[in-house]
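> have a look; sequence and predicted model below, questions after that.
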Amino acid sequence: MPHNTVAVVGAAETTKMGVITDLSQIGLHADAALNAMADCGLKPSDIDGIACANETPVQLAHYLGITPTWIDGTAVGGCSFMIHVRHAAAAIEAGLAKTILVTHGESGKSRIGNPMRSVHPQSLNGQFEQPFGPMGPPSMFTIPVLRYMKTYGVTEEQIAQVAVVQREWASKNPRATFRNLITTDDVLNSRMIAWPFRLLMCCLVTDGGGALILTSADRAKDFPTKPVYILGTGESAETPMISQMEDFTSSRAFRVAGPTAFKEAGITHEDVDHLMIYDAFAHLPIYGLEDLGFLPKGEAAAFIAGRNTAPGGSLPLNTNGGGLSYMHSGMYGMYALQESVRQMRGIAPAQIPGAKISVCHGVGGMFAASGTVIFSNQAP
Amino acid sequence: MATPGRALPQPTPETQHFWDGTKANELLLQRCDDCSKVYFPPRPFCPACASRKVSVTKASGKAILYSYVIHHRPAPGFTPPYAIAVVELAEGPRMMTNIVECEQTPEALQLDMPVEVVFEPQTDTITLPLFRPAATAKG
Ligand SMILES: [Zn+2]
(Lines give C-alpha, C1' and ligand atoms only; values in the text may rest on other atoms or scores of the structure.)
Protein backbone atom coordinates (compact mmCIF):
# COMPACT_ATOMS: atom_id res chain seq x y z
CA MET A 1 0.00 0.00 0.00
CA PRO A 2 1.52 3.32 -1.00
CA HIS A 3 2.30 5.81 1.74
CA ASN A 4 -0.14 8.34 0.31
CA THR A 5 -2.21 8.93 3.40
CA VAL A 6 0.33 10.41 5.81
CA ALA A 7 1.66 13.95 6.07
CA VAL A 8 4.20 15.98 8.01
CA VAL A 9 2.31 18.64 9.95
CA GLY A 10 5.01 19.81 12.32
CA ALA A 11 8.67 20.50 11.55
CA ALA A 12 11.36 22.49 13.29
CA GLU A 13 15.04 22.59 14.04
CA THR A 14 16.65 23.56 17.32
CA THR A 15 16.37 27.24 18.21
CA LYS A 16 20.12 27.58 17.72
CA MET A 17 22.53 25.80 15.40
CA GLY A 18 26.29 25.56 15.45
CA VAL A 19 28.06 25.53 18.80
CA ILE A 20 25.49 25.15 21.59
CA THR A 21 26.99 25.03 25.06
CA ASP A 22 23.85 25.59 27.16
CA LEU A 23 22.07 22.34 26.26
CA SER A 24 23.02 18.69 26.51
CA GLN A 25 22.15 16.23 23.78
CA ILE A 26 18.79 15.26 25.26
CA GLY A 27 18.10 18.96 25.73
CA LEU A 28 18.68 19.53 22.01
CA HIS A 29 16.15 16.76 21.31
CA ALA A 30 13.65 18.46 23.59
CA ASP A 31 14.25 21.93 22.13
CA ALA A 32 13.61 20.61 18.62
CA ALA A 33 10.58 18.58 19.72
CA LEU A 34 9.00 21.51 21.57
CA ASN A 35 9.60 23.74 18.54
CA ALA A 36 7.93 21.18 16.25
CA MET A 37 4.95 20.84 18.61
CA ALA A 38 4.61 24.64 18.73
CA ASP A 39 4.82 24.71 14.94
CA CYS A 40 1.61 22.69 14.66
CA GLY A 41 -0.11 23.56 17.95
CA LEU A 42 0.30 20.24 19.75
CA LYS A 43 1.23 19.28 23.31
CA PRO A 44 3.09 16.16 24.44
CA SER A 45 -0.26 14.65 25.49
CA ASP A 46 -1.33 14.80 21.82
CA ILE A 47 1.60 12.63 20.72
CA ASP A 48 1.14 8.83 20.82
CA GLY A 49 4.19 7.67 18.89
CA ILE A 50 7.88 8.53 19.18
CA ALA A 51 11.02 7.66 17.24
CA CYS A 52 14.62 8.68 17.80
CA ALA A 53 18.08 7.24 17.18
CA ASN A 54 20.93 8.43 19.38
CA GLU A 55 18.85 8.45 22.56
CA THR A 56 16.28 5.73 23.21
CA PRO A 57 12.61 6.47 22.64
CA VAL A 58 12.11 5.47 26.27
CA GLN A 59 14.31 8.35 27.40
CA LEU A 60 12.64 10.87 25.12
CA ALA A 61 9.08 9.72 25.90
CA HIS A 62 9.79 10.12 29.60
CA TYR A 63 11.69 13.40 29.24
CA LEU A 64 8.96 14.99 27.11
CA GLY A 65 5.99 13.50 29.01
CA ILE A 66 4.67 11.32 26.20
CA THR A 67 2.73 8.06 26.71
CA PRO A 68 3.33 6.22 23.44
CA THR A 69 1.40 3.37 21.85
CA TRP A 70 4.22 3.03 19.30
CA ILE A 71 8.00 3.45 19.64
CA ASP A 72 10.88 3.09 17.18
CA GLY A 73 14.53 3.20 18.17
CA THR A 74 16.00 2.34 14.78
CA ALA A 75 19.57 3.61 14.99
CA VAL A 76 21.51 2.93 11.80
CA GLY A 77 23.37 6.21 11.55
CA GLY A 78 22.44 9.46 9.87
CA CYS A 79 19.61 8.08 7.73
CA SER A 80 17.77 6.74 10.79
CA PHE A 81 15.29 9.63 10.51
CA MET A 82 14.33 8.82 6.92
CA ILE A 83 13.67 5.29 8.14
CA HIS A 84 11.73 6.60 11.15
CA VAL A 85 9.50 8.55 8.74
CA ARG A 86 8.98 5.39 6.68
CA HIS A 87 8.13 3.33 9.76
CA ALA A 88 5.92 6.10 11.17
CA ALA A 89 3.95 6.36 7.92
CA ALA A 90 3.36 2.60 7.96
CA ALA A 91 2.38 2.71 11.64
CA ILE A 92 -0.15 5.51 11.10
CA GLU A 93 -1.63 3.67 8.12
CA ALA A 94 -1.84 0.50 10.23
CA GLY A 95 -3.52 2.35 13.08
CA LEU A 96 -0.74 1.77 15.58
CA ALA A 97 -0.51 5.48 16.38
CA LYS A 98 -2.19 8.68 15.27
CA THR A 99 0.40 11.41 15.84
CA ILE A 100 4.08 10.53 15.74
CA LEU A 101 7.07 12.62 16.80
CA VAL A 102 10.43 11.88 15.15
CA THR A 103 13.09 13.73 17.06
CA HIS A 104 16.83 14.28 16.90
CA GLY A 105 19.34 16.22 18.94
CA GLU A 106 23.08 15.84 18.83
CA SER A 107 25.85 17.52 20.75
CA GLY A 108 28.30 16.60 18.03
CA LYS A 109 30.72 19.48 18.60
CA SER A 110 30.37 20.34 22.29
CA ARG A 111 29.73 16.70 23.25
CA ILE A 112 27.61 17.44 26.29
CA GLY A 113 25.74 14.29 27.25
CA ASN A 114 27.15 12.58 24.16
CA PRO A 115 30.18 10.52 25.09
CA MET A 116 32.70 9.44 22.44
CA ARG A 117 32.11 5.82 21.50
CA SER A 118 34.97 3.54 20.57
CA VAL A 119 35.00 0.53 18.27
CA HIS A 120 34.97 -2.68 20.28
CA PRO A 121 38.08 -4.76 19.49
CA GLN A 122 35.98 -7.96 19.30
CA SER A 123 33.62 -6.55 16.66
CA LEU A 124 34.30 -7.27 13.00
CA ASN A 125 35.26 -3.62 12.54
CA GLY A 126 37.49 -3.81 15.59
CA GLN A 127 39.26 -6.92 14.32
CA PHE A 128 39.48 -6.33 10.59
CA GLU A 129 39.51 -2.56 10.04
CA GLN A 130 40.47 -0.60 13.14
CA PRO A 131 44.00 -2.09 13.43
CA PHE A 132 44.95 -0.45 10.12
CA GLY A 133 44.63 3.10 11.39
CA PRO A 134 41.29 4.58 10.35
CA MET A 135 40.28 7.49 12.59
CA GLY A 136 36.56 7.75 11.95
CA PRO A 137 34.60 8.73 8.85
CA PRO A 138 37.09 11.13 7.16
CA SER A 139 39.59 8.30 6.73
CA MET A 140 37.04 5.49 6.09
CA PHE A 141 34.02 6.80 4.21
CA THR A 142 36.48 8.14 1.64
CA ILE A 143 38.31 4.87 0.94
CA PRO A 144 36.16 3.72 -2.02
CA VAL A 145 36.54 7.00 -3.91
CA LEU A 146 39.89 6.37 -5.64
CA ARG A 147 38.37 3.27 -7.20
CA TYR A 148 35.41 5.33 -8.40
CA MET A 149 37.75 8.01 -9.80
CA LYS A 150 39.85 5.47 -11.69
CA THR A 151 36.81 3.60 -13.02
CA TYR A 152 35.13 6.71 -14.44
CA GLY A 153 38.04 9.08 -14.99
CA VAL A 154 36.78 11.56 -12.39
CA THR A 155 39.23 14.22 -11.18
CA GLU A 156 39.95 15.77 -7.80
CA GLU A 157 38.85 19.10 -9.29
CA GLN A 158 35.42 17.66 -10.10
CA ILE A 159 34.98 16.34 -6.55
CA ALA A 160 36.03 19.76 -5.24
CA GLN A 161 33.26 21.30 -7.36
CA VAL A 162 30.65 19.57 -5.21
CA ALA A 163 31.77 21.67 -2.24
CA VAL A 164 31.97 24.84 -4.35
CA VAL A 165 28.40 24.48 -5.62
CA GLN A 166 26.97 23.67 -2.23
CA ARG A 167 28.61 26.73 -0.74
CA GLU A 168 26.64 28.78 -3.29
CA TRP A 169 23.45 27.38 -1.80
CA ALA A 170 24.73 27.99 1.74
CA SER A 171 25.45 31.61 0.87
CA LYS A 172 21.68 32.09 0.53
CA ASN A 173 20.92 30.57 3.94
CA PRO A 174 21.30 32.83 7.00
CA ARG A 175 21.48 29.79 9.31
CA ALA A 176 24.31 28.11 7.40
CA THR A 177 27.58 27.76 9.29
CA PHE A 178 29.72 28.69 6.27
CA ARG A 179 28.33 31.26 3.82
CA ASN A 180 31.35 32.80 2.09
CA LEU A 181 31.76 31.66 -1.52
CA ILE A 182 34.73 29.42 -2.31
CA THR A 183 36.60 28.36 -5.45
CA THR A 184 37.88 25.00 -6.62
CA ASP A 185 41.38 26.15 -5.68
CA ASP A 186 40.18 27.03 -2.17
CA VAL A 187 38.96 23.44 -1.79
CA LEU A 188 42.07 21.84 -3.30
CA ASN A 189 44.36 24.07 -1.20
CA SER A 190 42.54 23.43 2.07
CA ARG A 191 44.25 21.19 4.60
CA MET A 192 44.79 17.61 3.47
CA ILE A 193 42.78 15.20 5.61
CA ALA A 194 42.89 11.86 3.81
CA TRP A 195 44.11 12.16 0.24
CA PRO A 196 42.33 12.79 -2.08
CA PHE A 197 40.04 14.47 0.51
CA ARG A 198 40.77 17.97 1.78
CA LEU A 199 39.10 19.74 4.68
CA LEU A 200 36.52 21.52 2.51
CA MET A 201 35.41 18.19 1.01
CA CYS A 202 34.46 17.01 4.52
CA CYS A 203 31.38 17.87 6.56
CA LEU A 204 31.20 20.28 9.46
CA VAL A 205 31.03 19.22 13.08
CA THR A 206 28.31 21.13 14.91
CA ASP A 207 25.55 20.89 17.53
CA GLY A 208 21.85 20.96 16.75
CA GLY A 209 18.69 18.98 16.26
CA GLY A 210 15.36 18.75 14.51
CA ALA A 211 11.95 17.15 14.87
CA LEU A 212 9.04 16.16 12.66
CA ILE A 213 5.42 15.42 13.55
CA LEU A 214 3.42 13.11 11.28
CA THR A 215 -0.25 12.28 11.16
CA SER A 216 -2.81 10.99 8.67
CA ALA A 217 -3.52 13.16 5.64
CA ASP A 218 -7.16 13.36 6.72
CA ARG A 219 -6.22 14.92 10.06
CA ALA A 220 -3.51 17.08 8.47
CA LYS A 221 -6.16 19.44 7.13
CA ASP A 222 -7.01 20.48 10.71
CA PHE A 223 -3.50 21.78 11.42
CA PRO A 224 -2.34 25.38 10.92
CA THR A 225 0.63 24.33 8.80
CA LYS A 226 0.68 23.43 5.11
CA PRO A 227 0.67 19.61 4.95
CA VAL A 228 3.66 17.93 3.35
CA TYR A 229 2.56 14.54 2.08
CA ILE A 230 4.70 11.42 2.01
CA LEU A 231 4.48 9.86 -1.44
CA GLY A 232 6.97 7.05 -1.07
CA THR A 233 9.77 5.73 1.11
CA GLY A 234 12.56 3.17 1.00
CA GLU A 235 15.22 1.70 3.26
CA SER A 236 18.04 -0.81 3.12
CA ALA A 237 21.35 -1.90 4.63
CA GLU A 238 24.58 -3.27 3.21
CA THR A 239 27.60 -3.67 5.49
CA PRO A 240 29.06 -2.12 8.64
CA MET A 241 32.54 -2.49 7.08
CA ILE A 242 33.52 -0.08 4.31
CA SER A 243 36.08 -2.63 3.11
CA GLN A 244 33.28 -5.13 2.44
CA MET A 245 31.10 -3.02 0.13
CA GLU A 246 30.09 -5.12 -2.87
CA ASP A 247 30.98 -2.36 -5.34
CA PHE A 248 33.25 0.55 -4.42
CA THR A 249 31.66 2.71 -7.13
CA SER A 250 28.07 2.30 -5.94
CA SER A 251 26.07 1.77 -2.76
CA ARG A 252 23.82 -1.29 -2.73
CA ALA A 253 21.76 0.26 0.06
CA PHE A 254 21.19 3.36 -2.11
CA ARG A 255 20.21 1.17 -5.07
CA VAL A 256 17.56 -0.56 -2.96
CA ALA A 257 16.17 2.33 -0.91
CA GLY A 258 15.94 4.88 -3.73
CA PRO A 259 14.07 2.87 -6.34
CA THR A 260 11.76 1.45 -3.65
CA ALA A 261 10.69 4.99 -2.80
CA PHE A 262 10.30 6.04 -6.46
CA LYS A 263 8.19 2.98 -7.23
CA GLU A 264 5.95 3.56 -4.25
CA ALA A 265 5.55 7.24 -5.10
CA GLY A 266 4.76 6.39 -8.70
CA ILE A 267 6.94 9.21 -10.00
CA THR A 268 9.76 9.46 -12.51
CA HIS A 269 13.01 11.36 -12.14
CA GLU A 270 11.64 14.09 -14.41
CA ASP A 271 8.95 14.78 -11.79
CA VAL A 272 11.52 15.73 -9.13
CA ASP A 273 11.77 19.47 -8.45
CA HIS A 274 14.10 19.37 -5.46
CA LEU A 275 16.63 16.88 -4.17
CA MET A 276 18.53 16.34 -0.94
CA ILE A 277 21.37 13.80 -0.88
CA TYR A 278 23.11 13.40 2.46
CA ASP A 279 26.59 14.83 1.96
CA ALA A 280 28.88 13.88 4.80
CA PHE A 281 31.65 14.06 2.19
CA ALA A 282 31.82 15.51 -1.31
CA HIS A 283 31.53 12.18 -3.09
CA LEU A 284 28.13 11.31 -1.64
CA PRO A 285 26.00 13.47 -3.96
CA ILE A 286 27.89 11.84 -6.86
CA TYR A 287 27.12 8.32 -5.69
CA GLY A 288 23.56 9.32 -4.79
CA LEU A 289 22.70 10.92 -8.14
CA GLU A 290 23.79 7.74 -9.91
CA ASP A 291 22.47 5.13 -7.51
CA LEU A 292 19.07 6.82 -7.35
CA GLY A 293 18.94 6.69 -11.14
CA PHE A 294 19.13 10.38 -11.95
CA LEU A 295 22.23 9.80 -14.08
CA PRO A 296 24.12 6.90 -15.68
CA LYS A 297 27.16 5.64 -13.79
CA GLY A 298 30.17 7.89 -14.04
CA GLU A 299 28.30 11.04 -15.13
CA ALA A 300 27.34 12.71 -11.85
CA ALA A 301 30.62 14.52 -11.16
CA ALA A 302 30.53 16.25 -14.54
CA PHE A 303 26.82 16.96 -14.03
CA ILE A 304 27.54 18.79 -10.77
CA ALA A 305 30.63 20.54 -12.15
CA GLY A 306 28.41 21.63 -15.05
CA ARG A 307 26.26 23.57 -12.56
CA ASN A 308 23.14 21.47 -13.12
CA THR A 309 22.60 21.19 -9.35
CA ALA A 310 23.67 24.77 -8.57
CA PRO A 311 21.33 27.73 -8.07
CA GLY A 312 19.53 28.18 -11.39
CA GLY A 313 20.28 24.60 -12.48
CA SER A 314 17.74 22.00 -13.58
CA LEU A 315 18.04 19.82 -10.46
CA PRO A 316 18.49 21.89 -7.28
CA LEU A 317 20.46 19.74 -4.83
CA ASN A 318 21.23 20.27 -1.14
CA THR A 319 19.70 23.72 -1.13
CA ASN A 320 20.38 24.37 2.57
CA GLY A 321 24.14 24.12 1.87
CA GLY A 322 24.26 20.50 3.02
CA GLY A 323 26.45 18.82 5.56
CA LEU A 324 29.44 20.44 3.86
CA SER A 325 28.32 24.02 4.62
CA TYR A 326 25.01 24.19 6.53
CA MET A 327 25.50 22.00 9.57
CA HIS A 328 26.41 18.41 10.44
CA SER A 329 26.07 17.21 14.00
CA GLY A 330 27.09 13.63 13.14
CA MET A 331 23.73 12.21 12.07
CA TYR A 332 22.70 14.72 9.42
CA GLY A 333 19.59 13.11 7.92
CA MET A 334 17.15 15.09 10.07
CA TYR A 335 18.44 18.38 8.66
CA ALA A 336 18.03 17.16 5.08
CA LEU A 337 14.42 16.21 5.91
CA GLN A 338 13.83 19.66 7.43
CA GLU A 339 15.02 21.33 4.22
CA SER A 340 12.75 19.13 2.10
CA VAL A 341 9.80 20.08 4.29
CA ARG A 342 10.70 23.79 4.10
CA GLN A 343 10.90 23.55 0.31
CA MET A 344 7.51 21.85 0.14
CA ARG A 345 6.01 24.46 2.46
CA GLY A 346 7.52 27.19 0.29
CA ILE A 347 9.49 28.78 3.14
CA ALA A 348 13.10 27.73 2.45
CA PRO A 349 15.75 30.47 2.47
CA ALA A 350 16.73 29.41 -1.06
CA GLN A 351 13.21 28.50 -2.14
CA ILE A 352 12.76 26.68 -5.47
CA PRO A 353 9.77 28.46 -7.03
CA GLY A 354 6.84 26.15 -7.67
CA ALA A 355 8.55 23.01 -6.34
CA LYS A 356 6.01 20.23 -5.86
CA ILE A 357 8.08 17.09 -5.30
CA SER A 358 11.17 16.74 -3.12
CA VAL A 359 13.32 13.61 -2.80
CA CYS A 360 15.31 13.29 0.42
CA HIS A 361 17.96 10.58 0.48
CA GLY A 362 20.08 9.58 3.44
CA VAL A 363 23.08 7.43 4.20
CA GLY A 364 23.74 5.69 7.52
CA GLY A 365 27.18 4.83 8.80
CA MET A 366 29.65 4.64 5.93
CA PHE A 367 27.51 3.26 3.09
CA ALA A 368 26.14 0.93 5.80
CA ALA A 369 22.46 1.81 5.50
CA SER A 370 20.15 4.07 3.57
CA GLY A 371 16.72 5.67 3.72
CA THR A 372 14.77 7.66 1.14
CA VAL A 373 11.63 9.78 1.56
CA ILE A 374 9.71 11.42 -1.28
CA PHE A 375 7.58 14.41 -0.25
CA SER A 376 4.98 16.51 -2.04
CA ASN A 377 2.91 19.57 -1.17
CA GLN A 378 0.14 18.27 -3.43
CA ALA A 379 -2.41 15.91 -1.89
CA PRO A 380 -1.98 12.51 -3.54
CA MET B 1 57.30 -0.57 10.90
CA ALA B 2 56.99 -1.35 14.57
CA THR B 3 53.65 0.11 15.51
CA PRO B 4 53.04 0.23 19.24
CA GLY B 5 49.81 1.91 20.12
CA ARG B 6 47.68 0.91 17.18
CA ALA B 7 44.32 -0.70 17.89
CA LEU B 8 44.62 -4.47 18.07
CA PRO B 9 41.99 -7.13 17.42
CA GLN B 10 40.56 -9.36 20.10
CA PRO B 11 39.69 -12.71 18.46
CA THR B 12 36.31 -14.32 19.03
CA PRO B 13 35.48 -18.03 18.72
CA GLU B 14 34.42 -17.44 15.12
CA THR B 15 37.64 -15.65 14.16
CA GLN B 16 40.29 -17.38 16.28
CA HIS B 17 41.48 -19.54 13.38
CA PHE B 18 42.26 -16.45 11.30
CA TRP B 19 44.45 -14.90 13.99
CA ASP B 20 46.10 -18.27 14.74
CA GLY B 21 46.84 -18.34 11.01
CA THR B 22 48.49 -14.94 10.81
CA LYS B 23 50.58 -15.82 13.85
CA ALA B 24 51.83 -18.84 11.86
CA ASN B 25 52.42 -16.60 8.79
CA GLU B 26 49.41 -17.95 6.94
CA LEU B 27 46.51 -15.95 5.52
CA LEU B 28 43.45 -18.12 6.06
CA LEU B 29 40.13 -17.68 4.28
CA GLN B 30 37.07 -19.90 4.33
CA ARG B 31 35.47 -21.79 1.45
CA CYS B 32 31.95 -23.16 1.29
CA ASP B 33 31.89 -26.93 0.75
CA ASP B 34 28.48 -26.65 -0.93
CA CYS B 35 28.77 -23.66 -3.31
CA SER B 36 32.57 -23.09 -3.36
CA LYS B 37 32.25 -19.43 -2.32
CA VAL B 38 35.49 -18.13 -0.79
CA TYR B 39 34.74 -15.45 1.78
CA PHE B 40 36.02 -13.03 4.39
CA PRO B 41 35.66 -11.90 7.20
CA PRO B 42 35.43 -15.22 9.02
CA ARG B 43 32.12 -16.75 10.08
CA PRO B 44 31.10 -20.38 10.60
CA PHE B 45 28.68 -20.46 7.67
CA CYS B 46 28.62 -19.41 4.04
CA PRO B 47 27.31 -15.87 3.41
CA ALA B 48 26.25 -16.89 -0.10
CA CYS B 49 24.16 -20.00 0.65
CA ALA B 50 24.03 -20.24 4.48
CA SER B 51 25.63 -23.70 4.50
CA ARG B 52 27.42 -24.57 7.74
CA LYS B 53 29.72 -26.92 5.81
CA VAL B 54 32.72 -24.66 5.34
CA SER B 55 36.47 -25.27 5.31
CA VAL B 56 39.46 -23.13 6.14
CA THR B 57 41.68 -22.55 3.13
CA LYS B 58 45.10 -20.96 2.88
CA ALA B 59 45.25 -17.93 0.60
CA SER B 60 48.10 -17.32 -1.82
CA GLY B 61 48.83 -13.95 -0.22
CA LYS B 62 48.76 -12.33 -3.67
CA ALA B 63 46.49 -9.35 -4.16
CA ILE B 64 46.07 -6.06 -5.98
CA LEU B 65 45.77 -2.61 -4.41
CA TYR B 66 42.06 -1.93 -4.78
CA SER B 67 41.54 1.49 -3.16
CA TYR B 68 42.94 3.65 -0.38
CA VAL B 69 43.31 7.03 1.27
CA ILE B 70 46.51 8.59 2.59
CA HIS B 71 45.69 9.75 6.08
CA HIS B 72 47.38 13.01 7.10
CA ARG B 73 46.16 13.26 10.68
CA PRO B 74 47.68 11.75 13.81
CA ALA B 75 46.61 8.26 14.85
CA PRO B 76 47.90 6.04 17.66
CA GLY B 77 50.68 3.83 16.38
CA PHE B 78 51.03 5.55 13.00
CA THR B 79 53.23 8.30 11.61
CA PRO B 80 51.26 10.37 9.11
CA PRO B 81 50.96 10.42 6.21
CA TYR B 82 50.09 6.73 5.95
CA ALA B 83 47.84 4.81 3.59
CA ILE B 84 44.76 2.96 4.79
CA ALA B 85 44.20 0.50 1.98
CA VAL B 86 41.83 -2.16 0.75
CA VAL B 87 43.38 -4.99 -1.25
CA GLU B 88 41.58 -7.54 -3.41
CA LEU B 89 42.97 -11.00 -2.83
CA ALA B 90 43.63 -13.31 -5.77
CA GLU B 91 40.97 -15.59 -4.26
CA GLY B 92 38.35 -12.80 -4.49
CA PRO B 93 37.67 -11.35 -1.04
CA ARG B 94 38.82 -7.84 -0.14
CA MET B 95 40.36 -6.78 3.15
CA MET B 96 41.56 -3.59 4.81
CA THR B 97 45.28 -3.36 5.46
CA ASN B 98 48.34 -1.11 5.26
CA ILE B 99 50.86 -1.06 2.42
CA VAL B 100 54.41 -1.35 3.74
CA GLU B 101 57.89 -1.17 2.21
CA CYS B 102 56.53 1.51 -0.10
CA GLU B 103 56.42 5.31 -0.19
CA GLN B 104 53.08 6.51 1.13
CA THR B 105 52.38 8.73 -1.87
CA PRO B 106 49.82 8.75 -4.70
CA GLU B 107 52.68 8.22 -7.15
CA ALA B 108 53.99 5.09 -5.42
CA LEU B 109 50.57 3.69 -4.59
CA GLN B 110 48.99 2.89 -7.92
CA LEU B 111 45.60 1.20 -8.04
CA ASP B 112 45.73 -2.36 -9.34
CA MET B 113 49.44 -2.75 -8.57
CA PRO B 114 50.28 -6.29 -7.40
CA VAL B 115 50.94 -6.63 -3.68
CA GLU B 116 51.75 -9.58 -1.44
CA VAL B 117 51.05 -10.33 2.19
CA VAL B 118 53.66 -9.80 4.88
CA PHE B 119 53.08 -10.72 8.50
CA GLU B 120 53.91 -8.22 11.24
CA PRO B 121 53.82 -9.48 14.83
CA GLN B 122 52.31 -6.94 17.23
CA THR B 123 52.14 -8.95 20.46
CA ASP B 124 52.71 -12.55 21.54
CA THR B 125 49.26 -13.46 20.23
CA ILE B 126 48.42 -10.98 17.48
CA THR B 127 50.11 -10.76 14.09
CA LEU B 128 48.62 -8.43 11.48
CA PRO B 129 48.48 -9.19 7.75
CA LEU B 130 49.98 -6.21 5.89
CA PHE B 131 50.87 -5.99 2.22
CA ARG B 132 53.91 -4.79 0.26
CA PRO B 133 54.53 -4.28 -3.45
CA ALA B 134 54.90 -7.75 -5.01
CA ALA B 135 58.42 -8.87 -5.84
CA THR B 136 57.70 -8.67 -9.56
CA ALA B 137 56.42 -5.11 -9.20
CA LYS B 138 59.44 -3.70 -7.40
CA GLY B 139 61.41 -1.43 -9.71
ZN1 LIG C 1 27.85 -21.49 0.04
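Done, it's in.
> how about the nearest residue to the residue nearest in space to the middle of chain A, chain neighbours excluded?
Closest to where the C-alpha atoms of chain A average out (CA atoms, centre = their mean) is A:Gly333, at 2.2 Å. Nearest residue to A:Gly333, sequence neighbours excluded (CB to CB, 6 or more residues apart in numbering or on different chains): A:Gly362, at 3.9 Å. (Each C-beta comes from the backbone N, C-alpha and C, glycine too.)
> hang on, that neighbour packs against A:Gly371?
Yes: counting by CB atoms under 8 Å, A:Gly362 touches A:Gly371, with 4.8 Å between them.
> residues that sit against both of the two, list them.
Contact criterion CB atoms under 8 Å, 6 or more residues apart in numbering or on different chains; residues bridging A:Gly362 and A:Gly371 by contacting each: A:79, A:81-82, A:333.
> how near is the residue nearest to the centre of chain A to B:Asp34?
Going from A:Gly333 to B:Asp34 by CB to CB, to the nearest Å gives 40 Å.
> quick revisit: show me which pair in the shared contacts of A:Gly362 and A:Gly371 is furthest apart.
Largest separation among these by CB to CB: A:Cys79 and A:Phe81, giving 7.0 Å.
> which of these two has more neighbours?
The residue with more neighbours, out of A:Cys79 and A:Phe81, is A:Cys79; 35 against 31, by other CB atoms under 10 Å in any protein chain shown.
> report the contact partners of the more buried one.
A:235, A:278, A:333, A:362-364, A:369-371.
> mind checking how far it is from the ion?
31 Å (CB to the ion, to the nearest Å).
> quick one, phi/psi of B:Gln16?
phi -60, psi -40 (degrees, to the nearest 10).
> tally of neighbours for it?
11.
> let me know the pLDDT of it.
With respect to pLDDT, B:Gln16 scores 98.
> and the shared contacts of A:Gly362 and A:Gly371 as JSON lines, adding secondary structure?
Below are the shared contacts of A:Gly362 and A:Gly371 laid out as JSON lines (DSSP: H, G, I helix; E, B strand; the rest coil):
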{"residue": "A:Cys79", "secondary structure": "coil"}
{"residue": "A:Phe81", "secondary structure": "helix"}
{"residue": "A:Met82", "secondary structure": "helix"}
{"residue": "A:Gly333", "secondary structure": "helix"}
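> which of those sits closest to A:Ile71?
A:Phe81 (14.9 Å).
> next up, the contacts around residue 127.
You didn't say which chain, so I picked chain A. A:Gln127 touches A:121, B:9-12, B:15, B:19, B:41, counting by CB under 8 Å, 6+ apart.
> wrong chain, I was asking about chain B
So B:Thr127 contacts B:19, B:22-23, B:25, B:119-121 (CB under 8 Å, 6+ apart).
> now it: phi and psi?
Dihedral angles (degrees, to the nearest 10) for B:Thr127: phi -120, psi 130.
> distance check, it against the ion.
28 Å.
> any idea what that residue is bridged to?
Judged by DSSP bridges, the bridge partners of B:Thr127 are B:Pro121.
> inside strands: which ones of the contacts of B:Thr127?
B:119-121 (DSSP state E).
> narrow the residues you listed to those that are buried.
Buried subset of those (neighbour count, 16 or more other CB atoms under 10 Å in any protein chain shown): B:Phe119.
> any idea which of the ones in strands among the contacts of B:Thr127 is closest to chain A?
Set against chain A, the nearest of the ones in strands among the contacts of B:Thr127 by CB to the nearest CB is B:Glu120 (10.2 Å).
> pLDDT wise, what is the closest one at?
At B:Glu120, pLDDT is 98.
> that one contacts B:Leu130, correct?
Yes: here B:Glu120 reaches B:Leu130: they are 5.3 Å apart, a contact under CB under 8 Å.
> can you give me the strands for the chain?
In the absence of a named chain, this looks at chain A. Under DSSP E, chain A gives strands at A:6-13, A:49-51, A:70-72, A:99-107, A:192-195, A:197-198, A:207-216, A:228-237, A:274-277, A:357-364, A:369-376.
> to clarify, I was referring to chain B.
B:28-32, B:38-39, B:54-58, B:62-71, B:82-89, B:94-97, B:114-121, B:127-133.
> quick check: mean pLDDT of the longest one?
pLDDT averaged over strand B:62-71 equals 98, rounded to a whole number.
> show me how far stretch A:283-298 is from its chain's centre.
16 Å (CA atoms, centre = their mean, to the nearest Å).
> picking up where we left off before, between the shared contacts of A:Gly362 and A:Gly371, which sits nearest A:Gly108?
Taking CB to CB as the measure, A:Gly333 is the one of these closest to A:Gly108, at 13.1 Å.
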